[in-house]
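**Q** Just the structure for this:
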Amino acid sequence: MTHNNAMTTGDLALFEAPCRRYFERLKALSNKPINSQRIFHGRGQCFTGWGWCTVDVFAPVVLLTVFASPPPEQLAAAVACIKQYLPQALPFFVVQRRDINGAPYFWEQGNSEDLPQVIAQRGNQQYRLDFNQQNCGYFLDMEPGRIWLEEVVAAKAKTGGAKVLNLFAYTCAFSVVAIDAGASDVVNVDLSRRSLTVGRENHRLNNHDTQKVKFLGVDILKSWGKIKKMGPYDAVIVDPPSFQKGSFVATKDYQKVVRRLPELLNPGGQVLACLNAPEFSSGYLKDLFAEQAPALTFIERLEPSADFPDVDIEQQLKLLIYRA
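**A** Below is the predicted model:
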């Protein structure tokens with residue numbers, strides 16, 4: 001492709017090569033379902049000059065997300081690059097400008113009016129997406145946590161089934177994974193009733209028995225009695241926002257959650273504690289657990305997804321496992 005004079009071929013090649021490889025490989029898949037995937041992760045600062053963007057595939061959509069304002073010619077080159085290689089299976093291309101107030105979407109190919117219902121595909125599982133929201137509804141970097149939950153639930157299914165608590169459930173992706181893996185019950189808790197409504201739709205989309213799933217649209221920090229009464233649990237997922245004005249601030253509220261965990265767990269029950277804040281290391285979470293829940297034993301930190309390379313592992317998503 002033609003390169004802008006303001007950029008060197010080497011600069012653009014860092015972005016172009018992984019995108020081209022993915023799109024060319026996709027053509028060989030024929031009519032198979034296209035799993036959702038991150039195909040370029042600049043935010044980890046492993047690609048010099050490209051730390052401002054990521055590229056995700058949510059068939060039939062390719063999403064280029066801009067997190068920090070790049071030189072206009074560099075953004076134009078990235079857009080032109082993707083357009084050049086887009087296969088027929090991905091006819092929609094949208095750019096989200098997180099660097100602009102409101103995080104608007106700009107459709108570069110196709111448009112939202114012609115777009116059918118978009119889903120994130122994970123094997124046979126499907127999750128509804130909404131490209132009118134800042135977060136479209138499914139986090140690709142959480143895949144190691146989903147794999148962990150599948151294994152925990154599947155192991156427990158042999159002896160009667162696992163009961164799972166999904167705190168800060170958002171659109172209930174963990175709940176879908178748990179039911180698919182054979183969980184006996186899942187309790188989803190989130191302050192946003194709108195997100196939980198999407199969660200219900202996700203279970204219906206996957207033809208699940210929703211009698212096994214409960215949805216609590218409450219403030220977690222004020223509802224421990226109700227949450228405890230519905231337990232105890234074999235697995236608890238704690239995946240809060242690092243900062244959400246008026247509802248949760250990790251620096252002062254995460255400890256309030258951690259101290260309640262021991263009373264929620266069955267003997268041998270496990271916790272997946274998540275924190276997606278580059279400014280906090282895994283040591284921050286470990287210290288919280290040591291102080292607030294010494295009865296829980298640290299087991300491991302899950303390996304981050306290979307699709308999300310980072311120059312510093314402590315800036316990546318933290319996924320820590322604890323056991324009662």
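**Q** Quick one: neighbours of residue 137, just the number.
**A** For residue 137, the number of neighbouring residues by other Cβ atoms under 10 Å comes to 22. No exception for glycine: its C-beta is placed from N, CA and C like everyone else's.
**Q** meant to ask about residue 252, not that
**A** A count of nearby residues for residue 252, using other Cβ under 10 Å, gives 8.
**Q** That one - that's part of a helix, no?
**A** Yes: assignment of residue 252 by DSSP: H, G, I helix; E, B strand; the rest coil places it within a helix.
**Q** residues touching it, list them.
**A** When contacts are counted by Cβ atoms under 8 Å, 6 or more residues apart in numbering, residue 252 touches no other residue.
**Q** low-confidence ranges in the stretch 151-300 of the chain?
**A** Flagging of the stretch 151-300 of the chain using pLDDT under 70 yields the residue ranges 243, 246.
**Q** can you pull out the strands in it?
**A** Assignment of strands within the stretch 151-300 of the chain using DSSP state E, counting those that start in this stretch yields the ranges 163-167, 185-189, 213-216, 233-238, 243-244, 248-249, 265-275, 297-301.
**Q** neighbouring contacts of the first one?
**A** Residues outside strand 163-167 that contact it (Cβ under 8 Å, 6+ apart): 149, 153, 172, 174-175, 178, 183-189, 220, 227, 230-240, 257, 264, 266.
**Q** Pull up the pairing partners for it, direction included.
**A** Take DSSP bridges as the rule and strand 163-167 pairs in its sheet with strand 185-189 (parallel), strand 233-238 (parallel).
**Q** What of the last one?
**A** According to DSSP bridges, the neighbouring strands of strand 297-301, each with its direction, are strand 318-323 (antiparallel).
**Q** buried sites along the partner strand?
**A** Within strand 318-323, the residues that qualify as buried by neighbour count (16 or more other Cβ atoms under 10 Å) are 318, 319, 320, 321, 322.
**Q** Then stretch 181-198?
**A** For stretch 181-198, the neighbour count (16+ other Cβ under 10 Å) marks 181, 183-192, 195-196, 198 as buried.
**Q** swap in stretch 87-102?
**A** The neighbour-count criterion (16+ other Cβ under 10 Å) identifies 89, 90, 92, 93, 94, 95, 96, 97, 98 as the buried residues of stretch 87-102.
**Q** Stretch 269-289 too?
**A** When neighbours are counted by 16+ other Cβ under 10 Å, the buried residues of stretch 269-289 are found to be 269-278, 280-282, 284-286, 288-289.
**Q** biggest helix in the chain by residues?
**A** helix 9-26 (DSSP state H).
**Q** how many degrees apart are whichever helix or strand comes after that one and helix 9-26 in direction?
**A** Once helix 9-26 ends, the next helix or strand along the chain (criterion: DSSP states H and E) is strand 37-41. Counting by axes from the mean of the first three to the mean of the last three Cα atoms, to 10 degrees, strand 37-41 lies at 170 degrees to helix 9-26.
**Q** other SSEs contacting strand 37-41?
**A** Helices and strands touching strand 37-41, as assessed by 3 or more Cβ pairs under 8 Å, 6 or more residues apart in numbering; DSSP states H and E, comprise helix 9-26, strand 53-58.
**Q** Among these, show the one with the smallest mean pLDDT.
**A** Taking each of the helices and strands packed on strand 37-41 in turn, the one with the lowest mean pLDDT is helix 9-26, at a mean of 88.
**Q** ok, residue 305 - how many residues close by?
**A** Under the neighbour criterion other Cβ under 10 Å, residue 305 is assigned a count of 20.
**Q** likewise the one 10 residues further on?
**A** Residues near residue 315, counting by other Cβ under 10 Å, number 16.
**Q** what's it in contact with, if anything?
**A** In this structure, residue 315 makes contact with 44, 278, judged by Cβ under 8 Å, 6+ apart.
**Q** try the one 3 residues further on
**A** Residues touching residue 318, when contacts are defined by Cβ under 8 Å, 6+ apart, comprise 273, 274, 275, 276, 280, 281, 282, 285, 301.
**Q** again, but for residue 96
**A** 63, 64, 65, 66, 103, 104, 105, 106, 131.
**Q** To residue 50, which of the strands paired with strand 163-167 lies closest?
**A** Put simply, out of the strands paired with strand 163-167 the one that sits nearest residue 50 is strand 233-238, at 31.9 Å, with distance taken as Cβ to Cβ.
**Q** Stretch 214-223: which residues count as buried?
**A** Judged by neighbour count using 16+ other Cβ under 10 Å, the buried positions of stretch 214-223 are 214, 215, 216, 217, 220.
**Q** Residue 46 against residue 313, yeah?
**A** No: assessed by Cβ atoms under 8 Å, residue 46 is found out of contact with residue 313, at 11.9 Å.
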